Every structure is written in structure tokens, then in C-alpha cells.
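K.L.:
Task: produce atomic coordinates for the following.
(2 chains)
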Amino acid sequence: MASSSIIHASSVAKRYGDFEALSRFDLEVAKGECVGLLGPNGAGKTTFIGCLYGVVLRSSGDLTIFGHDPALNSRAIKSRLGVVPQENALDEGLTVRENMRIYARFGGLTGKPADERIDELLGLMSLESKSDNMIRMLSGGMKRRLTFVRALLSDPELLVLDEPTTGLDPSVRHLLWEKVIDLKKSGKTILVTTHYMHEAEILCDRIVVLNKGEAVGVGKPKDMIAREAPGFVGIFPTESEDELRKHVPPEWDLYQQSDQCCVRAPEFGDLITLQQRAGIDALQLRPANLEDVYLKLTGHELEEADVSIS
Amino acid sequence: MSAFLESWKLGWHVVVRNWVIYRKDFLANISPTLADPALIMFSLGLGLSPFIGEIGGYSYAQYLAPGMIATTALFTAFFECSYGFYVRMTFENIFKAMLTTPIGVKEVVIGEFMWVFIRASLMAFGVSLVLLTLGLVPNLWALAICPLIAGFLSLPCAAIGLLAACLVRNINQFQTVYSFLIAPTYFLSAVFFPLDGRPFLTGLVQLSPFYHGVRLLQCTVWGEFPWAEIAWHITAILLFTLALGTLATRQVIKKLTV
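P.N.:
Below you'll find the predicted structure:
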């Protein structure tokens, strides 16, 4: 284990009876690094995050954060950790300031220093005018930003963000991602789960793709694209699949996605040629991105169990 | 040792949190706790006294008074830790956020017990004060001791509440716990009638921490000091606190971690 490792996970597994939510999961996160956990719902991302601060007790494997085992000494970890959980879990009946004071106190910060820290962070998240508002009166985006404030109160070295922007409108999402980039620049170590591939590609130094509890791909976003889904993607109308198949060489990738037919070819020119030969215009031509990697690694189709409606 | 003190400090933060929420709705929160005993003292104490005459040398109002202090402790603790804790855990989800901070499950439990102890003591003080003005609590000495007994009595009652909060499958099942455990305990533990000459019932209620609290409060308020019996009741309350507290802590850990 490298001395600069903030998170060290080796063969971490979590079983519930026969069900394995996480199996043989390895991860090293260095200081200042930003690592993205991608994967479908139920892939084990939140399970792993729970293991980090001791609310999920792992079944086996080695896990240390800041050199401490969360099963033995979670408090030493939690004093240096900030979490934005999937659910905000704010005290709806309190004002913004009242609620943040409570959480500042949990981290050992009271009185004037607490208020100064709260003001600073509310400013950072553009919530300074809301400090005396009731939390239940805030919009969804404001509540999410407030959850960021809460996570940052104790100036943590490690930030864990569990789907920080799910369900938010694009402007709030961009604002939050900008803040996350700033936090990363300020030297914080970040572990983030998200379903927004584009943002993960920009933000994360490294990506881990999880599927059914197992890591199915690890690497830098660019490397993963080059390795798993290199080239360019043409998106065609779904009914053109049969015609396209006649012209697509077997080493290319052809699959149905969102009622569209996708073709991945090594070169951009290949797709132009394909359009001409098949006589079909693509809806879109673009470089392959992390989403293509994600879909390839986690399967292009939903599991049968997920789609069968009987 | 320092880790132990740190746990209590963090537990105290949970108390502060509960207080901040509680004071938001202060009147609505304290009024039932004070209104219920007042209603019972008025309806049963005043209403039935003329028909009942004396019990062991006390008027019926005098007989009821200490039981009202005990009842305050029982209901404050049980409802706070059953419904209250369940709502905090299930609907408000506050522990999902709280447990990401240095607060751990152990501190959550310590905080709940401290909070209930303080609340029950203060409520019992309020009730005792009213009873004092009515001449039903004899002196300031009793006024000081009663809240303390109520505080310790509230601990095993809180543990029962926490156990219920962890074991019910939905919020409606608290009604069952109330009807078949809390209400019988309340009505049969010598609050409303003496158990003299009822050996079976006397034996049965020994199993309820509430009965021991009722007897301690009766001794205090009536100024009777059968020391051997008092020692037994104190021991029983401490043992119940230890046993039920341990069980409750285990259940809460099971509930809040997976």
C-alpha cells in the first residue's frame, strides 16, 4: 500500500445471504485524485461507499481509509471525510443555518467559527440569501447544494459524492460540477458515483466501472475509451439494422441502443463510406466516448429480469 | 478512556440536535405531557375521591399523585424512543446524514438515552411542581428527588421504545405495542390501585421497570421509607436499564448498519 494512498481496498466483498452486492473489489485512491465509480443501479457503488465509513460492514477483504479500518475505527475516518449521500436527509423543519450549525457541531465546530464557516460555504454554493429560510421551502437544487455545504463543513480531505447531481436541472448540475472541479483543484481527494458519463470523463482522473458487484473496467477515461471502445460511433434509425449489417465488417461493433442502431468503426471516414454504401444517412456521427465504454462493459441491454413485464 | 469520553461528548451533540428540533414546537411538545396527568388528577383524583375514601391513610388524589410523575416518565420515554426514533430513522432519514459525521451508532444511542433522561426529568419536575402547589407533593426535598427518579425510570422505558422502533414492521404496529405492553403496565402497576393482597399481580409487575419507578416515587411522595424495598426497586431499575439498554443498542446497531 502506497503511503500516499487515501483509500486502499483489496478484495472487498459484501454478501447479504447468498447475494453478493460487492465481490473482490480492489481500489487504490491516491491523495488529490478524483476517481469515478460508474455502474448501473444496484452495481454495488453505494455499498462500497457505505463500507468506507462503517455503515456497511464488509463481509471480507482489506479496507483502510487514511490508514484506518472503518470496521474498527470509523470515527478517525469520518472526522476527515465529507459525504454527499444519495438522499439529502436534511432536517426539513429547521432553517438552513440551524441545520448547518447542528452539523458543524457534530464535527466539533461551534459558536463564531461555525457561523463563519457556514457563511463562507453558503456563499460558495450561492445560498447566502437563504440562511434563515426553512429547509422545506428550498427547491431541490438548493437542497442539494446545501447538502454539499454540510459535507464541506469540517473541511474534509476526502469527499465522497454519491450521485451528487441526479435529478437536478442542467444549470444546477453544471454549477455543482464546477464546484467539484474547484474542490479537486484545491487538493481534495474525491470519490464520486454518477450516471453522467460526459461529466465523469471530464472530472475524473480514473474511472472504475462496476457491474453486478464486480469491477469490469478500470482506467483513465481516455485510456478506457482507447482500449474498450476506440474509434467513432454512427447512430442510425433503428429499422436500418438489417441493411447496415450487410456492409459492416465483423470486427466493428453494431448494436441497438435506445431504439437506435449504433455502429462503431475505427475511423471517421469509415462511417462516411458506410453511409454511402448502405444509402442510409446517420442521425449523428461522433467520436466514441465514455458512455460507449460504459454500455459495452455493463451490457447494451437491460437484464431480462429488469425488462420483463408479465 | 478518552474514546469513552468522546462518545459521551458526541452523544451530547445528538441531545443538542434533538433540543433544537424540540424547542421549535415547544408548547405542542410539552402540553400533552402536562395535560394528561392534569386531566387524570382532575377526573379521577377529584371525581372519584369522594366515592373511594382513603387508601392506606391517603385520599385518592394523594394516592394518584406519585403515579402521575412516573407516568410522565413512562410516556415521555416510550413515545420519544418509539414513534420519535422511528420517524427520525425511517421518514426523516436523519441517521443517513448523521452517521457520515464523527457520530457513530453508539453515540446515537447514548444521545437518545441522555435526551430522554433530561426530558423526562424536566417533565417530571413540571408535574411535581404542579402537585406541590396542590399540596400533593409534601416538600421541596421530594420535589428535588422525584425528577431524578423519573429520569432513571425513563431509561428502561426508552430502551423498550427503541426496541419497539427497531422491531416493528410499520408505524401502525406501535399501537399493538402500546395496547398489549405499555397500557397494561400503566394500568396495573399500582398507579391507580394498591396491589396489596394480590400476590399474582404483585409478582407479575416486578417484571416491569415501570412498577419499580412507581413504588420509588410513592415512597418519596408519601414519605415512607422501607429501605429494603427501596433498595430492591433501585437495583431492579438499574438492572432493567442495563439489560434492556444492551438489547436496544444491539437492535439499533443492526438497524442502522448492514
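K.L.:
Surely residue B:255 and residue B:89 touch.
P.N.:
Yes: counting by Cβ atoms under 8 Å, residue B:255 touches residue B:89, with 6.9 Å between them. In short, each C-beta sits where N, CA and C put it, glycine included.
K.L.:
mind listing the helices for the chain?
P.N.:
Since no chain was named, I'll use chain A. Using DSSP state H, the helices of chain A run over A:45-52, A:74-78, A:96-106, A:111-124, A:140-152, A:170-185, A:197-203, A:221-228, A:241-247, A:268-278, A:290-298, A:304-307.
K.L.:
think we crossed wires, I meant chain B
P.N.:
B:2-24, B:26-40, B:47-52, B:60-79, B:85-86, B:94-98, B:105-133, B:140-167, B:173-177, B:183-188, B:199-205, B:209-222, B:227-256.
K.L.:
Can you tell me which of the ones you listed is nearest to chain A?
P.N.:
helix B:94-98 (3.9 Å; Cβ to the nearest Cβ).
K.L.:
first vs last residue of stretch B:131-149, how far apart are they?
P.N.:
With Cα to Cα, to the nearest Å applied, stretch B:131-149 spans 16 Å between its terminal residues.
K.L.:
Find the closest residue to chain B in the stretch 201-310 of chain A.
P.N.:
residue A:213 (14.6 Å).
K.L.:
Mean pLDDT lowest where, among the helices of chain A?
P.N.:
Mean pLDDT values for the helices of chain A show the minimum at helix A:304-307, a mean of 42.
K.L.:
Those residues of chain A touching chain B, which are they?
P.N.:
Counting by Cβ under 8 Å from any Cβ of the partner chain, the residues of chain A lying close to chain B are A:16, A:50, A:53-57, A:74-75, A:78-79, A:81-83, A:85, A:87-94, A:98, A:101-103, A:105-108, A:150-151, A:154.
K.L.:
Enumerate every residue touching residue A:282.
P.N.:
For residue A:282, the contact set (Cβ atoms under 8 Å, 6 or more residues apart in numbering or on different chains) comprises A:234-236, A:271, A:275.
K.L.:
Can you name the residues that contact residue A:192?
P.N.:
A:34-37, A:160-161, A:164, A:180, A:200, A:203-204.
K.L.:
How about residue 154, nearest residue that isn't a chain neighbour?
P.N.:
If you meant another chain, say so; for now it's chain A. Among residues not flanking residue A:154 along the chain, residue A:107 sits closest, at 3.5 Å (Cβ to Cβ, 6 or more residues apart in numbering or on different chains).
K.L.:
Chain B, not that one
P.N.:
In space, residue B:154 is closest to residue B:120, 3.4 Å off (Cβ to Cβ, 6+ apart).
K.L.:
try residue A:209
P.N.:
residue A:217 (4.1 Å).
K.L.:
Is the one you found in contact with residue A:290, as I believe?
P.N.:
No: with contacts counted by Cβ under 8 Å, residue A:217 stays clear of residue A:290, the gap being 10.2 Å.
K.L.:
Those two - which one has more neighbours?
P.N.:
Shown here are residue A:217 and residue A:290; by other Cβ atoms under 10 Å in any protein chain shown, residue A:290 has more neighbours (25 against 19).
K.L.:
Can you get me a residue count around residue 133?
P.N.:
You didn't say which chain, so I picked chain A. 14.
K.L.:
To clarify, I was referring to chain B.
P.N.:
Residues near residue B:133, counting by other Cβ under 10 Å: 9.
K.L.:
again with residue A:43
P.N.:
Counted with other Cβ under 10 Å, residue A:43 comes out at 23.
K.L.:
OK, contacts around it?
P.N.:
Per Cβ under 8 Å, 6+ apart, neighbours of residue A:43: A:210-213, A:298.
K.L.:
let's go with 10 Å and repeat that
P.N.:
A:21-22, A:37, A:193, A:209-216, A:298 (Cβ atoms under 10 Å, 6 or more residues apart in numbering or on different chains).
K.L.:
mind listing which of those are in strands?
P.N.:
Mapping the contacts of residue A:43 onto strands (DSSP state E) picks out A:21-22, A:37, A:193, A:209-211, A:214-216.
K.L.:
Including neighbour count, could these go into JSON lines?
P.N.:
Compiled in JSON lines, those are given as follows (neighbours: other Cβ atoms under 10 Å in any protein chain shown):
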{"residue": "A:21", "neighbour count": "21"}
{"residue": "A:22", "neighbour count": "27"}
{"residue": "A:37", "neighbour count": "27"}
{"residue": "A:193", "neighbour count": "24"}
{"residue": "A:209", "neighbour count": "24"}
{"residue": "A:210", "neighbour count": "25"}
{"residue": "A:211", "neighbour count": "18"}
{"residue": "A:214", "neighbour count": "16"}
{"residue": "A:215", "neighbour count": "21"}
{"residue": "A:216", "neighbour count": "18"}
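K.L.:
Switch those residues over to JSON lines; also include pLDDT.
P.N.:
Listed next are the ones in strands among the contacts of residue A:43 as JSON lines, based on pLDDT from 0 to 100:
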{"residue": "A:21", "pLDDT": "94"}
{"residue": "A:22", "pLDDT": "95"}
{"residue": "A:37", "pLDDT": "96"}
{"residue": "A:193", "pLDDT": "96"}
{"residue": "A:209", "pLDDT": "94"}
{"residue": "A:210", "pLDDT": "94"}
{"residue": "A:211", "pLDDT": "92"}
{"residue": "A:214", "pLDDT": "90"}
{"residue": "A:215", "pLDDT": "92"}
{"residue": "A:216", "pLDDT": "92"}
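K.L.:
Nearest to residue A:222 among these?
P.N.:
Relative to residue A:222, the closest of the ones in strands among the contacts of residue A:43 is residue A:209; by Cβ to Cβ it sits at 14.6 Å.
K.L.:
Beta-bridge partners for that closest one, please?
P.N.:
residue A:38, residue A:217 (DSSP bridges).
K.L.:
Contacts only, for residue 107.
P.N.:
Because you didn't say which chain, this covers chain A. A:78-79, A:82, A:114, A:117, A:150, A:153-156, B:13, B:101-103.
K.L.:
Chain B, not that one
P.N.:
A:75, A:106, B:6-14, B:98-99, B:101.
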